Each structure stands twice: as C-alpha cells, then as structure tokens.
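**Q** Fold the following for me, if possible:
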Amino acid sequence: MNLIFDNPWLLLALPLALMPLLRTPIQSLPHPYLGLVPEDPLGRLLSSVLRIAAVIGIASLVLGLAGLSRGERVIERVGTGAEIVIMLDRSRSMDQGFGRTVGTEQLLMTQGETKNGAARRVLTEFVKSRPNDAIGLLNFSTRPIHVLPLTNRHEVVQSAIDAAGLGRGLAETDIGLAMIDGLHYFDERPYTGSRVLMLVSDGGAQLDELTQVKIIEGARKHRISLYWIYLRGRGSPGLKVETTEDSGQRDAVPEYFLDRFFGEIGIPYRAYEAEDPQQLKAAISDIDRLQRLPTRTPEVVPKQSLAALTFGLALFLLLPVVIVSAMQVTRWSRSAAH
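**A** Presented below is the predicted three-dimensional model:
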C-alpha cells in the first residue's frame, strides 16, 4: 500500500504512544495489607485492554495529525468493451442535412437534424451504453483538435460531444492528419484489449504517400480496428462507385479513394453509409455489437486522505479510556459495620 504523509515531521511524536505502557490510565489506591484485597481478574483484564486501546488510539491520533494518506495509484478495471477514439468531423458541411437518394436523384434533407446534430445525439447514446470503455474524443476540420484523451469518465465525454455543436465548422477537412493524430492516442499505452478508431465524417480525401505510410505504420503497430461512418451528403456518389466507370474517374472521388485505402491497410475495417439518422444509429449499434470483447483498462486513482479513518479510530479507542478514568474510584469506601 502506497502510504504518504503531508506532515511527516509530526511522526516524531509517535513514541508518545508508549506512555500508557509505562503508566496505567487507572489510578492505584494504597492499602495497608494487600492480602485482604480480593482477586480482581476482571479489573486486571480491563486495565490491560485500556492500555492497549490507549497505545493504538494515541498512535492513530499522531498519524492523523501527520496527514496519513493513500498515494496515487493505478488499478486495473476488467470488463467488456474497448478503447475507442471517436474522430468527429466538424467541417461546415456537417452543419447541413443528409443527402437522400430517391430513384436516380439525390435530395438534400432540409428538414430534421443536421448531420452534426444526429452524430452527437447517437454518439452520446453510444457512450452511455458502454460503461467499461475508455473513450477519447478528437474533433477535426482543417486541423485536428484533441478534446479528450482516453478516459473512463463518460460524463465528461458526453459533455465534450455535446459541446461539439457550438459554433460553425470550417470549410476544409484534413482526414489524413486527423487519422495520424487519432493513432497517437494509443502511444505509450499498454495493449489491454480491443482498440478502435471511429471516424464520423461526411467527406473523403486523397492522401499523399507520406501520410499513407504513417497511417499504415501506426494502425498496424497499435493493432487498430477501423470503422468509418460516412454521412452521405448531397452530390456524393457514395463509397461504392459503379464499376463501369473509368478507374481515373473513381480515383477522383475522395470518398471512394479513402475507402479503398482503408481496405488495403491490412487491419479490421468496416465502412457504413448513412443517409439519415436511422441509418446512422444502425451503424453505431452494429459497432456496439462487434466491440463487446474482454478488456483490461488501467485507471488512475488520485490521492485519498485517511484522516477520517485515523481520527475516527482514535476517538473510538480513547473515549472509553477517558470515560473509565472519570468514573474510577479515588478512595476506599468504608463498609457499614453489622
């Protein structure tokens, strides 16, 4: 047990706890002839108990004054879940509605939730349903913003997700840089179970070679499972472009390019296309089902003061000593003659 003291110099008073062994708290009465005094085994036992109680009580009082505390420690929480980094797109297009395909036309849904609002609502429900997960949050548009590291304090995660609805997003989106920063969340962390990058975005990207190498190396090093929830907007052909199209035209579509790259990294990967909040919720529910695996999560427990324990123990042990000392007989009583 990692015990520390706020005022260790007060431990110099600890030898005072031995005083009851030198002098009993019960006063002795003189008698001219001890042979006339009857044996009192109960009194002897009470005297010994009071001595021991006084020793422990004084020691507890000194430890309390010295500020005895349990130092910061790391405990391991065992459960079912994963370490999940949520990467939430905060570009301007996320403030628009979903794009719904009707026949051969794509319509912009101007009624109902925006993509950002639906994503925040569904992600909040997702966090509530996974109490054993360590969850981190990264927002991104032009540049990634580290909002929260991996943590088990889910009420903080929910507040951070809700705060992602404040203000307006920027026009551009750099998914490559966001992916690299999301992978850094797992640096210097022991591998304790399933690790997930959850990309929630309505855009794609054609990544340069250096960015691709960094993503591939990081994903394989940290043994990541990658899920991309693609929120389809108006004008997007989606992740699965018709095979009859020219390959050069397919590469010009950033969503198609990014989906193909993710599929070639060599890690578990799944993409979901959502055209409305219901499909978004279904995608999140599927990820929730897939990531119910055993996990061991380290948790830092802050310093805990033991003042209540030490002072409470001192009061419990010393109070009877004080009461018995106040009630003890200080002189022999004279029996009535018969």
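**Q** from here on, contacts and neighbour counts on C-alpha atoms
**A** Will do.
**Q** can you count the residues close to residue 307?
**A** Number of residues near residue 307 (other C-alpha atoms under 10 Å) recorded here: 18.
**Q** wait, isn't it in contact with residue 67?
**A** Yes. Using C-alpha atoms under 8 Å, residue 307 is in contact with residue 67, at 6.6 Å.
**Q** could you pull out the strands for the stretch 151-300 of the chain?
**A** With DSSP state E, counting those that start in this stretch as the criterion, the stretch 151-300 of the chain has strands at 195-201, 224-231, 269-274, 293-301.
**Q** could I get those as CSV with mean pLDDT?
**A** Listed next are these as CSV, based on pLDDT from 0 to 100:
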stretch, mean pLDDT
strand 195-201, 92
strand 224-231, 92
strand 269-274, 90
strand 293-301, 72
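**Q** Figure out which of these is closest to residue 118.
**A** strand 224-231 (10.0 Å; C-alpha to C-alpha).
**Q** Looking at the strands of the stretch 151-300 of the chain, which is nearest to residue 87?
**A** strand 195-201 (4.9 Å).
**Q** now the closest one: how far from the chain's centre is it?
**A** Relative to its chain's centre, strand 195-201 lies at 19 Å (C-alpha atoms, centre = their mean, to the nearest Å).
**Q** Okay, now the sheet partners of that strand, with direction.
**A** The strands beside strand 195-201 in its sheet (DSSP bridges) come out as strand 83-89 (parallel), strand 224-231 (parallel).
**Q** Tell me which of those approaches residue 166 most closely.
**A** strand 83-89 (13.2 Å).
**Q** Point out the most buried one among the strands paired with strand 195-201.
**A** strand 83-89 (a mean of 26; mean count of other C-alpha atoms under 10 Å).
**Q** What are the neighbouring residues in contact with residue 132?
**A** By C-alpha atoms under 8 Å, 6 or more residues apart in numbering, the contact list for residue 132 reads 78-82, 152.
**Q** biggest separation within the residues you listed, which pair?
**A** The widest separation within these (C-alpha to C-alpha) is 13.0 Å, between 80 and 152.
**Q** if I look at the two, which residues touch both of them?
**A** Contacts common to residue 80 and residue 152, judged by C-alpha under 8 Å, 6+ apart, are 132-133.
**Q** before we move on, back to that, could you dump the strands of the stretch 151-300 of the chain into CSV with distance to residue 281 added?
**A** Output for the strands of the stretch 151-300 of the chain, formatted as CSV (distance: least, C-alpha to C-alpha, whole Å):
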stretch, distance to residue 281
strand 195-201, 12
strand 224-231, 10
strand 269-274, 9
strand 293-301, 21
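**Q** okay if I get the strands paired with strand 195-201 as CSV plus distance to residue 173?
**A** Below are those laid out as CSV (distance: least, C-alpha to C-alpha, whole Å):
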stretch, distance to residue 173
strand 83-89, 8
strand 224-231, 14
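**Q** for stretch 161-180, which positions count as buried?
**A** Applying a neighbour-count criterion of 16 or more other C-alpha atoms under 10 Å, one finds 161, 164, 169, 173-180 buried in stretch 161-180.
**Q** let me redo that: stretch 254-273
**A** Residues 254-259, 261-262, 265, 269, 271-273 are the ones in stretch 254-273 that count as buried (16+ other C-alpha under 10 Å).
**Q** what about that stretch, start to end distance?
**A** 15 Å (C-alpha to C-alpha, to the nearest Å).
**Q** Now for the spatially most central residue of the chain: which residues touch it?
**A** Nearest residue to the geometric centre of the chain (C-alpha atoms, centre = their mean): residue 152, 2.1 Å. Residues near residue 152 by C-alpha under 8 Å, 6+ apart: 131-135, 299.
**Q** swap the cut-off to 10 Å and go again
**A** Counting by C-alpha atoms under 10 Å, 6 or more residues apart in numbering, residue 152 makes contact with 77, 83, 130-136, 297-299.
**Q** What is the nearest of those to residue 277?
**A** residue 130 (20.2 Å).
**Q** How much space separates the closest one from residue 163?
**A** Distance of residue 130 to residue 163, computed by C-alpha to C-alpha: 20 Å.
**Q** Residue 291 too?
**A** 26 Å.
**Q** the longest helix in this protein is where?
**A** Ranked by residue count under DSSP state H, the longest helix found in the chain is helix 41-65.
**Q** what separates that helix from the chain centre, distance-wise?
**A** 42 Å.
**Q** and it, what other elements does it pack with?
**A** Packing partners of helix 41-65 (3 or more C-alpha pairs under 10 Å, 6 or more residues apart in numbering; DSSP states H and E): strand 3-5, helix 19-22, strand 68-70, helix 307-327.
**Q** Pick the most buried one from these.
**A** By mean count of other C-alpha under 10 Å, these have strand 68-70 as the most buried, with a mean of 20.
**Q** Could you identify the helix or strand that succeeds that strand?
**A** strand 73-81 (DSSP states H and E).
**Q** Each with direction, which strands does that next one pair with?
**A** strand 293-301 (antiparallel).
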